[in-house]
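Chemist: Okay, structure incoming, though there's no sequence with it:
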RNA sequence: GCGCCCGUAGCUCAGUUGGAAAGAGCGUCUGCCUUCUAAGCAGAGGGUCGGGGGUUCGAAUCCCUCCGGGCGCGCCA
């Protein structure tokens, strides 16, 4: 609601300034520091003062006096050296906010332009860890926010099932665990298979370190897996899908779902790369390096300045796309995949159903042949978000440069690297996990998580710990509630704590993980926000006990005279600040989409919860004797509840009925 | 060496396109549960916004420079 009025004010001001002063200015608006100064302020007169060579305050006074009425704005004032302050009609705002909050937001039609969000992308060779959780939480929240903003979104989780990491675990099964393909298949059916592979993978790293010549095994194994032949391929075929299912289960605990699993095996088998290679060659984006250190490789130059220097042989800083042995690099495959996402490759996968979620939603996976006869139309996106940590920025730039060089300027511009910094461990946390730090590591502010070394907090372990801790709190408070109910509440609290913890940091902040912070349910946390919702709901529950015929719907009609009176009364400003904040979810969503920053919503949810807790503490709703005031207070509670639930939903955090 | 990111309270972090007296959580100290659940609320203390220049009516925010830290820059992914 706030966003609507703010936009209205900007338009009114810029129109008025154009007509009255013949000036085209971009009107910036801001929130005044105190509520007594109004809800929207504009420093536009400072800019006008320069252009008109007049005192800013004088212009501001003129504008305040002459600006035509704006719907929803009660009065205009002048403050400071020349700020124009606008005051909302409080009662009208509350009425509009309450109806707006109760309405369901419009979702995108089936023909709307599509956004693809690719996230999670965990190598299917070990259990998911805390770093993967940040990726998935950010990606999933981006999806939720985009959908709420009215976009059509397709969620992809790319599976590198034929890569080095899978090959390494296969090597572990053959040479360390000495398993047959049949034995591996049996193991893969066991629960916690991802944990088994976690340990095995770390042992493979040691296995290579002990004798570097063993690295030769990797090339052979990889080749066998890529070609789909031999026992190594058979094992990879057992390991990767089983691990993928473990990851899906983990992510489902967090409320994260996907639409499609594109798999690398199909990118190979369906020769996506060959199509991309032809395109890249035909349009001279890549060329065969004749001399220098990259001789025999197909390379792509990144600086356009030297694009005529084909024959100069100075390709040393170019990016290798095809190795001298003819195999394609990861970036090459990624260019092909990115082209497919935009529908530019001229090829498509076949698709089969891979999994059905409890809500009936189907997850599809790519296959090489056959598949379902009429799968949904995947790909053909207008915007692509790749949720990948900032360490891969260089490679993402190469992919985009490839698209641009191919002449797909528009798609290159709409290829968004949704970048974020890594999750690391505090040295204390690493030590707690039983890891012995080197002297150098102990000096550092944090230690990098490493699947290769087996150093990291496994996602399921963390969720388990959170659930146990939450369960202890719930048991204490609700010893008589049924078991299933207590489990469900503890789960909501655990996930709320985890997702909030991962989302409250802005994307550019490195998270130094520590159990103490992550396991907290107090202060700026998910459970704090959930608790505010529960408090609002408790009021309504108690009210229904007292008045069985009470209907929540009755609160959607606001008596504006009564509301205006109460907003003008002794606690009026406090009530108003709460209503205004609750009515600002739209502004927050707008800002979160604009800045591509989910943390904005996390901060907002916390602020709203905090404001509500203060209100809750100061005003007893149910014992209020003045009927108008009681209704008004209930309306505030209802508005906050709806908006807070909405904000938490965007963060993937459930609001339990009780805690 | 080149590129990207970070430096704000004891600690962990916000501060959206430059705007009105720098914010939050944690931690420390002091209060508040016969009440709509204290997973809460109130108060106190704590800051040369890394340093120095510059642009501007106005800079934590933009530019330059220096210092400190992190991450990339592979015929790995």
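Modeler: It's in. Everything numeric here is computed off the predicted structure, so don't read it as measured data.

Chemist: In the stretch 451-600 of chain A, what residue lies closest to RNA strand B?
Modeler: Of all residues in the stretch 451-600 of chain A, residue A:523 sits closest to RNA strand B, at 2.2 Å by C-beta to the nearest atom of the strand. Heads up, the C-betas are built off the backbone N, CA and C, glycines and all.

Chemist: Burial check on that residue, number of neighbours?
Modeler: Counted with other C-beta atoms under 10 Å, residues neighbouring residue A:523 total 9.

Chemist: Helix, strand, or coil at it?
Modeler: Here residue A:523 is recorded as coil under DSSP: H, G, I helix; E, B strand; the rest coil.

Chemist: do the one 4 residues further on as well
Modeler: Residue A:527 falls in the helix class when you classify it by three-state DSSP.

Chemist: separation between it and residue A:266?
Modeler: With distances taken as C-beta to C-beta, to the nearest Å, residue A:527 is found 42 Å from residue A:266.

Chemist: likewise residue A:488?
Modeler: Per C-beta to C-beta, residue A:488 is found 38 Å from residue A:266.

Chemist: out of the two, which sits in the more crowded spot?
Modeler: Higher neighbour count among residue A:488 and residue A:266: residue A:266, with 22 against 17, using other C-beta under 10 Å.

Chemist: Quick check: that one touching residue A:368?
Modeler: Yes. Between residue A:266 and residue A:368 there is a contact under C-beta atoms under 8 Å: 5.3 Å.

Chemist: show me where pLDDT drops low in the stretch 1-150 of chain A?
Modeler: Residues of the stretch 1-150 of chain A meeting the criterion pLDDT under 70: none.

Chemist: before we move on, what about chain A?
Modeler: A:303-316.

Chemist: how does it divide into domains?
Modeler: What automatic domain parsing lists as the domains of chain A is A:2-88, A:262-420, A:424-451, A:458-659.

Chemist: Looking at those domains, which is nearest to residue A:158?
Modeler: With C-beta to C-beta, the closest approach to residue A:158 among the domains of chain A belongs to domain A:262-420: 5.4 Å.

Chemist: mind checking how far the closest one is from the chain centre?
Modeler: 23 Å (C-alpha atoms, centre = their mean, to the nearest Å).

Chemist: okay, which residue is most central for chain A?
Modeler: Centroid-nearest residue in chain A, with C-alpha atoms, centre = their mean: residue A:138, separated by 2.4 Å.

Chemist: hang on, the earlier thing: switch the domains of chain A over to a markdown table; also include distance to residue A:233.
Modeler: Output for these, formatted as a markdown table (distance: least, C-beta to C-beta, whole Å):
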| stretch | distance to residue A:233 |
| --- | --- |
| domain A:2-88 | 55 |
| domain A:262-420 | 10 |
| domain A:424-451 | 22 |
| domain A:458-659 | 28 |
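
Chemist: and of those domains, who's closest to residue A:255?
Modeler: Ranking these by proximity to residue A:255 (C-beta to C-beta) places domain A:458-659 first, at 5.0 Å.

Chemist: Determine how far the last residue of that closest one lies from the first.
Modeler: End-to-end distance for domain A:458-659: 27 Å, by C-alpha to C-alpha, to the nearest Å.

Chemist: go on, stretch A:106-116?
Modeler: End-to-end distance for stretch A:106-116, by C-alpha to C-alpha: 19 Å.

Chemist: Show residues contacting stretch A:73-90.
Modeler: For stretch A:73-90, the surrounding residues in contact (C-beta atoms under 8 Å, 6 or more residues apart in numbering) are A:5, A:8-9, A:13, A:32, A:37-46, A:49, A:55-61, A:63-64, A:67, A:70, A:72, A:563-564, A:567, A:572, A:576, A:579-580.

Chemist: how about 6 Å then?
Modeler: Identification of contacts with stretch A:73-90 by C-beta atoms under 6 Å, 6 or more residues apart in numbering yields A:9, A:32, A:37-43, A:45-46, A:56-57, A:60-61, A:63-64, A:72, A:567, A:576.

Chemist: mind checking how far that stretch is from the chain centre?
Modeler: The chain centre lies 37 Å from the centre of stretch A:73-90; the measure is C-alpha atoms, centre = their mean.

Chemist: any residue of that stretch up close to RNA strand B?
Modeler: Yes. Using C-beta under 7 Å from any atom of the strand, stretch A:73-90 reaches RNA strand B at A:79, A:80, A:81, A:83, A:85.

Chemist: burial count for the first one?
Modeler: It stands for residue A:79. Residue A:79 has 17 nearby residues by other C-beta under 10 Å.
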